[in-house]
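Asker: Take this sequence and fold it.
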Amino acid sequence: MKDLGNRIYLLRKQAGLSQSELAGKLNLSQSALSHIENGRVNISLEILIRCCELLNTTVDRIIYENTSVDQVHAGHPVKECILVDRAAQASYASDFSDEEYLDGLKRYLIPGFESANFRVFEVVGDSMRPLILKGEFLITKRSDLSFDEAVNCLCVVISEQGVMVKRLTSGSDSESFILHSENPAYDDITLNADEILELWTVVGKITSHVDSPSSHLDSLVSRIEALENIIYNKK
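Answerer: Here you go, the predicted structure:
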């Protein structure tokens, strides 16, 4: 479904229509069309046929053609990655499907990641220390991670709780995931699959921190001390 949504997105851009304009012609809300383009909901046959008419294409082409959404992105060069910095994260969980909101975010060219499928998130907290530090920027790729694939995967998770950087593993059933922190001072979080609004797999990071042998030792000592405090408090 995500491939179909990508093709609708691309053809809409090629037709010069905004998300709200096409949604109006289809008698849908903008959020409903956004969910279709993001592959979060199925599109009905009636809407699909009407969409093909408006976008001057055929059902066969929109379903089977190998077209990538990377070819165009919101009127910006596809080589630019959207940055979700500290300020943008305050409303990202509620506005991530709003095209006008995304258009207003900063974009940067990052060599090796010239694709609209990549997004950059600023690290705000210290729950993933020492692996990931506050103030670093994570380069991520949109993921449709399945339950079976969620094995120790480092991700940026978007839920109603906000933007979280966690290590993802499968839960005790086929409909839940466990979000782990590297910092032992933080407890695990369990989310049902339908509570995850977006999932971005970490593929790189931008940092101003330069490690030295002593910094690795210091971080190890800090982790041991934090673990000792947790054990002591549970006695």
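Asker: buried stuff in the top strand by length along the chain?
Answerer: Longest strand in the chain by number of residues, with DSSP state E as the criterion: strand 196-206. Buried residues in strand 196-206, defined by neighbour count with 16 or more other CB atoms under 10 Å: 196, 197, 198, 199, 200, 201, 202, 205. The C-beta positions use only the backbone N, C-alpha and C, and glycine is treated the same way.
Asker: Partner strands of it, with direction?
Answerer: strand 137-142 (antiparallel), strand 153-159 (antiparallel) (DSSP bridges).
Asker: which residues are in contact with the last one?
Answerer: Applying CB atoms under 8 Å, 6 or more residues apart in numbering, the external contacts of strand 153-159 come out as 92-93, 96, 121, 138, 140, 143, 145, 163-169, 179, 191, 195-202.
Asker: On the strand side of things, show who the residue nearest the centre of the chain bridges to.
Answerer: By CA atoms, centre = their mean, the mean C-alpha position of the chain lies nearest to residue 200, the distance being 3.6 Å. Per DSSP bridges, the residues bridged to residue 200 are residue 142, residue 156.
Asker: all numbers from here: first residue = 8
Answerer: Sure thing, new numbering starts at 8, so read that last one as residue 207.
Asker: if I pick it, what's in contact with it?
Answerer: 126, 128, 147, 148, 149, 150, 162, 163, 164, 165.
Asker: Quick check: PyMOL command selecting the buried ones in those.
Answerer: Of those, the buried ones can be selected in PyMOL as follows, counting by 16+ other CB under 10 Å:
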select buried, resi 126+128+147+149+150+162+163+164+165
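Asker: I'd like a version of the contacts of residue 207 in JSON lines, one that adds pLDDT and distance to residue 90 as further columns.
Answerer: Converted to JSON lines, these look like this (pLDDT from 0 to 100; distance: CB to CB, whole Å):
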{"residue": "126", "pLDDT": "92", "distance to residue 90": "8"}
{"residue": "128", "pLDDT": "96", "distance to residue 90": "8"}
{"residue": "147", "pLDDT": "92", "distance to residue 90": "11"}
{"residue": "148", "pLDDT": "88", "distance to residue 90": "15"}
{"residue": "149", "pLDDT": "83", "distance to residue 90": "15"}
{"residue": "150", "pLDDT": "80", "distance to residue 90": "19"}
{"residue": "162", "pLDDT": "92", "distance to residue 90": "18"}
{"residue": "163", "pLDDT": "94", "distance to residue 90": "13"}
{"residue": "164", "pLDDT": "93", "distance to residue 90": "18"}
{"residue": "165", "pLDDT": "92", "distance to residue 90": "15"}
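Asker: and which of the contacts of residue 207 is nearest residue 22?
Answerer: Set against residue 22, the nearest of the contacts of residue 207 by CB to CB is residue 149 (23.0 Å).
Asker: what about the strands in this structure?
Answerer: 87-91, 114-116, 125-129, 144-149, 160-166, 169-177, 183-187, 196-199, 203-213.
Asker: excluding its backbone neighbours, what's nearest residue 35?
Answerer: residue 54 (7.1 Å; CB to CB, 6 or more residues apart in numbering).
Asker: This completes my enquiry, with thanks.
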